[in-house]
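Participant: Provided below for reference: sequence and predicted model.
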Amino acid sequence: MRYLIWFLRVVLFLLLLGFAVRNAETVTLHYYFGYEWQASLVLVILLFFALGVAIGILSCLGKISRQRREIATFRKKYPTVDEHR
């Protein structure tokens, strides 16, 4: 199983490397007030992907902390058999 996971990692790395090599052209992003930014297409895609992941994780943190508080409340309210020992 460990070899299968490493094989999949290598395949994924090679696919992403091939994607990066094929999309190395420079692109220009135009912002407001005449500001523009030139960067490699792969860099722009990876940057916005990472930004999306970070926003997704931050949006889940509130729900996760609320669920942890609820679990702690239920554990105090309804102790299990193991906690009585």
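Facilitator: Thanks, I have the structure now.

Participant: send over stretch 33-45 as CSV, restricted to the C-alpha atoms.
Facilitator: What follows is stretch 33-45, C-alpha atoms only, in CSV (Å, rounded to 0.1, in the frame of the first residue of the first chain):
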residue,chain,number,x,y,z
PHE,A,33,-6.4,52.4,-11.8
GLY,A,34,-4.1,51.2,-14.6
TYR,A,35,-2.2,48.8,-12.4
GLU,A,36,-1.1,45.6,-14.1
TRP,A,37,0.9,42.5,-13.1
GLN,A,38,2.9,40.2,-15.4
ALA,A,39,3.7,36.7,-14.2
SER,A,40,3.9,33.2,-15.4
LEU,A,41,0.5,31.5,-16.1
VAL,A,42,1.4,28.6,-13.8
LEU,A,43,2.3,31.0,-11.0
VAL,A,44,-1.0,32.9,-11.4
ILE,A,45,-3.0,29.7,-11.4
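
Participant: and it, how far out from the chain's middle?
Facilitator: Using Cα atoms, centre = their mean, to the nearest Å, the distance from the centre of stretch 33-45 to the centre of the chain it belongs to is 21 Å.

Participant: how about residues contacting that stretch?
Facilitator: 19-20, 23-31, 47 (Cβ atoms under 8 Å, 6 or more residues apart in numbering). In short, each C-beta sits where N, CA and C put it, glycine included.

Participant: could you redo the last one with a cut-off of 6 Å?
Facilitator: With contact meaning Cβ atoms under 6 Å, 6 or more residues apart in numbering, stretch 33-45 is reached by 20, 23-30.

Participant: check stretch 58-78 too.
Facilitator: Residues contacting stretch 58-78 (Cβ under 6 Å, 6+ apart): none.
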